[in-house]
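Novice: Can you look at this prediction? I've put the sequence above it.
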Amino acid sequence: MLIIADDLTGAADCAVQFRQAGFSAVVLTKLARNRAVSNRFRVVSLSLHTRDASAASVRRIWQRHGPAIAKLAAGALVYQKIDSTLRGHPALEVRLLLRHLRASSAVIAPAFPKQGRQTLDGVHRVHGIPLAETEYARTSTHSPVTSYLPELFTCADDTAPAHLPGHIIERGPEVVGEWLRERLAGSCRLITADAAHESHLDMLTQAVLPLGNRLLLVGSAGWAERLALAYQAHATAAQPRPGVLGVVGSLSSVATRQVQAVLNAGAMIVPFNPASTDSPSRATMDNWPALMEAVAAGRHVVVWTNPGDASSASRQTGRRALRGLGEAVRAILSTTAVSGLAIVGGDTAHALLRALRASGLTLAGEVAAGIPYGRLLDGPFAGLPTVTKAGGFGTDTVLQDCLEFLRGWAAQ
């Protein structure tokens, strides 16, 4: 789920609805610097800070960030969070997001019944008072001049939205779905919707779910809450917890047996041998498509240095290998969501933390005697569940135990 909001508090109060439904969520104020962070979360909520900007500034902001948003939105469910009292530039920003997503239509339901924001017969009200007559209209930088939702979302160079009335919604999701499909078939770009009660939002949710990514959904935290509850069972059942990434850099025969045990248990082993190429990370990068698919399906993946005859490796080659290994792991974590990181070998752990720009670990306990676990302390991957293990001790199955432990701990 990708949420686009026009201010930070809105980005947060919308995303928290999904967090309370059990999804991992992050709120960002800058996208470019946080792409690695966003890959670890099921819900990414981005604030563009456009609420009080001029219309010209809003267009410039979207021109600058729109392509990156479209790239992040690929394959995601997209929700545009707008203010429940229609402050800012909701009509303009809905059209800008539609353009960048190349989506055909948007369904707009800004109601938040729990907070007294309701839409009935197209009129948006706050605690029963038409929006244009409230203090929100009087004090807003861009005051709404009407309380009628279709008019609020009409721009001078575009047609007025169609409006989905409450009496249609009350007839149930099947009737609403058919009503929506008829409008979509007629190339209707914008559809506003009544919602006087949470039951209206629930019926609207059930009607739009089968339409999937054909629609951009636009609303306040009120509709986001109902969407989160509806997606909860569906999404958690459809997508398993990601697998854990293991990195084994130890030359010990004990570590080799542990890798073999992990392989026997069904993990994917990715050999890493930088001596065979001028680019140390290329050997792992060639396996990225299969690696990403395996981790997303819940399978553990272990990157193994596979050193062969360790006695022939020079100290310089060893340093180069660790640098390349660190680069490869950083690249993997920047593009692939994992449930945790298990590192075998002291030099390997040092090199990886350096590559991940983490200055240490916050410890939480032991998986087994002498095998601590915790979270990366800082850097772009701060909070990532991590196990470190010396290469030369532990049972043959202890690495597999670490991988399973991290997946379970990450889910808590």
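Specialist: Received, thanks.
Novice: contacts, neighbours, all on C-alpha from now
Specialist: Noted.
Novice: Specify the residue ranges that define each domain of the chain.
Specialist: 2-237, 245-410 (automatic domain parsing).
Novice: Columns mean pLDDT and mean neighbour count on top of the ones you listed, output as TSV?
Specialist: Shown next, in TSV, are the domains of the chain (pLDDT from 0 to 100; neighbours: other C-alpha atoms under 10 Å):
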stretch	mean pLDDT	mean neighbour count
domain 2-237	90	19
domain 245-410	84	19
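Novice: Helix, strand, or coil at Leu406?
Specialist: helix (DSSP: H, G, I helix; E, B strand; the rest coil).
Novice: and it, what does it touch?
Specialist: Contacts here follow C-alpha atoms under 8 Å, 6 or more residues apart in numbering; on that basis Leu406 touches Val244, Ser339, Gly340, Leu341, Pro385, Thr386, Val387.
Novice: Apply 10 Å and report the result again.
Specialist: 243-245, 338-342, 367, 373-374, 384-387 (C-alpha atoms under 10 Å, 6 or more residues apart in numbering).
Novice: Same question for Thr159.
Specialist: Here Thr159 is in contact with Pro150, Phe153, Cys188, Arg189, Leu190 (C-alpha under 10 Å, 6+ apart).
Novice: for the longest strand seen in the chain, packing partners?
Specialist: Identified as the longest strand of the chain according to DSSP state E is strand 361-368. Based on contacts counted as 3 or more C-alpha pairs under 10 Å, 6 or more residues apart in numbering; DSSP states H and E, the elements that strand 361-368 packs against are strand 371-376, strand 385-389, helix 398-410.
Novice: Now go through the contacts of Thr159 and say which are in helices.
Specialist: Pro150 (DSSP state H).
Novice: so which of the contacts of Thr159 comes closest to Leu291?
Specialist: Arg189 (39.4 Å; C-alpha to C-alpha).
Novice: from memory the closest one sits against His163, does it?
Specialist: No - when contacts are counted by C-alpha atoms under 10 Å, Arg189 is not listed as touching His163 (11.4 Å).
Novice: Wasn't Leu216 part of a strand?
Specialist: Yes - using three-state DSSP, the secondary structure at Leu216 is a strand.
Novice: show me the contacts for it.
Specialist: Counted by C-alpha under 10 Å, 6+ apart, Leu216 has contacts 77-80, 94, 97-98, 101, 103-108, 190, 208.
Novice: Which of those residues sits closest to Val175?
Specialist: Val208 (11.4 Å).
Novice: show me what contacts the nearest residue to that closest one once chain neighbours are set aside?
Specialist: Spatial nearest neighbour of Val208, excluding adjacent residues (C-alpha to C-alpha, 6 or more residues apart in numbering): Gly177 at 6.7 Å. Residues near Gly177 by C-alpha under 10 Å, 6+ apart: Ile169, Met203, Leu204, Thr205, Gln206, Ala207, Val208, Leu209, Pro210, Leu211.
Novice: Checking Gly177 next. Helix, strand or coil?
Specialist: Gly177 ends up helix, using three-state DSSP.
Novice: ok, it to Leu211 distance?
Specialist: Distance, Gly177 to Leu211, by C-alpha to C-alpha, to the nearest Å: 8 Å.
Novice: How about Ile169?
Specialist: From Ile169 to Leu211 the distance is 16 Å (C-alpha to C-alpha).
Novice: ok, back up a step: in strands, which of the contacts of Thr159 appear?
Specialist: Leu190.
Novice: wait, Met25 sits on Arg40?
Specialist: For residue 25 the amino acid is Ala, not Met. Yes - with contact defined as C-alpha under 10 Å, Ala25 counts as touching Arg40 (8.8 Å).
Novice: Give me the contacts around stretch 372-381.
Specialist: By C-alpha under 10 Å, 6+ apart, stretch 372-381 touches 33-38, 40, 330, 333-334, 340-342, 353-367, 382-389, 402, 405-406, 409.
Novice: so how far is it from its chain's centroid?
Specialist: 20 Å (C-alpha atoms, centre = their mean, to the nearest Å).
Novice: what sits against Asp347?
Specialist: Gly249, Ser250, Gly318, Arg319, Leu322, Ala390.
Novice: Give me the distance between the closest residue to the last one other than its chain neighbours and Gln260.
Specialist: Leaving aside its chain neighbours, Ala390 sits nearest to Gly345 (4.8 Å; criterion: C-alpha to C-alpha, 6+ apart). Taken as C-alpha to C-alpha, the spacing of Gly345 relative to Gln260 amounts to 16 Å.
Novice: now swap in His163 and tell me
Specialist: 62 Å.
Novice: What of Phe18?
Specialist: 39 Å.
Novice: Tell me the first helix or strand C-terminal of the strand or helix carrying Asp13.
Specialist: According to DSSP states H and E, Asp13 maps onto helix 8-20. Where DSSP H and E defines the elements, the next helix or strand beyond helix 8-20 is strand 25-28.
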